[in-house]
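Chemist: Need a 3D model of the sequence below.
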Amino acid sequence: MLDTEYKQIIRKMMGDYRYVHSCNVADEAVTLAKLYGCDPQKAYVAGILHDITKELPREEQLQIIRDGGIILDDVQKNAPKLWHSISGSVYVRLKLGITDEDIINAVRYHTTGRAGMSLPEKIIYIADYTSAERSYDGADVMREKSRKSLEEAMLFSCQYTLQKLSSQQAAIHPDQLFCYNELVLKGKNL
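Modeler: Alright, predicted model coming up:
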């Protein structure tokens, strides 16, 4: 499919804010891909599609997840904010016919990260945090770190997310913890 076709597909599935965000993530992903030696086209596709099911009703997201043969763990069952990444990965595989595992996994793990992420996965994970419209406390720091080291930016984002979730007494998915632990153990010299 052409980039414009993916844009047309997501445009029908989301409101204005989410559409602009998805376009911004795709643009940021291309910038990071060029900086870190990743295929810009692959990064763009993963970026434009990363939130494809985010605005679908919860029951529809759960049905897509079931259609994909995925059984949610206890943390996922109690964290509907994680469902769109799971349902999105199934949707791009089953409905759009995407077979590239980097794209599928970039959509799947853009919310939690995981240990052993590929370069495209890392790029989408960070691009989601650093897209142009993002203005949370620390967004500028995150953008600055993303231009120096993906791993440094990922560690910063994991710390940010872990602090936020723990302050809300929200469950933290093991993939997020495994991502954080891998970064800490690998990167004492970040």
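
Chemist: Distance check, Phe86 against Leu35.
Modeler: Just so we're on the same page, residue 86 is Ile rather than Phe. 28 Å (C-beta to C-beta, to the nearest Å). Heads up, the C-betas are built off the backbone N, CA and C, glycines and all.

Chemist: Show me which of the two is the more surrounded one.
Modeler: Between Ile86 and Leu35, counting by other C-beta atoms under 10 Å, Ile86 is the more crowded of the two (23 against 13).

Chemist: Give me the neighbour count for Tyr125.
Modeler: 26.

Chemist: Point me to the helix or strand that includes it.
Modeler: Assigned by DSSP states H and E, Tyr125 belongs to helix 119-130.

Chemist: After that helix, which helix or strand is next?
Modeler: helix 139-148.

Chemist: Go through the following helix or strand past that following helix and flag the buried ones.
Modeler: Using DSSP H and E, the helix or strand that follows helix 139-148 in sequence is helix 150-167. Residues of helix 150-167 classed as buried: Leu150, Glu151, Glu152, Ala153, Met154, Leu155, Phe156, Ser157, Cys158, Tyr160, Thr161 (neighbour count, 16 or more other C-beta atoms under 10 Å).

Chemist: what angle do the helix holding Tyr125 and helix 150-167 make?
Modeler: Calculated by axes from the mean of the first three to the mean of the last three C-alpha atoms, to 10 degrees, helix 119-130 forms an angle of 60 degrees with helix 150-167.

Chemist: List of residues touching helix 119-130?
Modeler: With C-beta atoms under 8 Å, 6 or more residues apart in numbering as the test, helix 119-130 has contacts from 25-26, 28-29, 32-33, 36-39, 42-43, 46-47, 50, 102-103, 105-107, 109-111, 113-114, 117, 139, 142-143, 146, 150-151, 153-154, 157.

Chemist: quick one: average confidence on that helix?
Modeler: The average pLDDT within helix 119-130 is 97.

Chemist: Can you check what angle separates it from helix 139-148?
Modeler: 160 degrees.

Chemist: Could you shift the numbering so residue one becomes 85, and keep it that way?
Modeler: Got it, first residue is 85 now, which makes that one helix 203-214.

Chemist: Take helix 203-214, keep the C-alpha atoms, and write them as PDB.
Modeler: Extracted C-alpha coordinates of helix 203-214, given in PDB (Å, rounded to 0.1, in the frame of the first residue of the first chain):
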ATOM      1  CA  LEU A 203      15.500  -0.800  16.000                       C
ATOM      2  CA  PRO A 204      12.100   0.000  14.300                       C
ATOM      3  CA  GLU A 205      10.300  -0.900  17.600                       C
ATOM      4  CA  LYS A 206      12.500   1.400  19.600                       C
ATOM      5  CA  ILE A 207      12.000   4.200  17.000                       C
ATOM      6  CA  ILE A 208       8.200   4.000  17.200                       C
ATOM      7  CA  TYR A 209       8.300   3.700  21.000                       C
ATOM      8  CA  ILE A 210      10.300   7.000  21.200                       C
ATOM      9  CA  ALA A 211       8.500   8.700  18.300                       C
ATOM     10  CA  ASP A 212       5.200   8.300  20.200                       C
ATOM     11  CA  TYR A 213       6.700  10.200  23.100                       C
ATOM     12  CA  THR A 214       8.500  12.900  21.000                       C
END
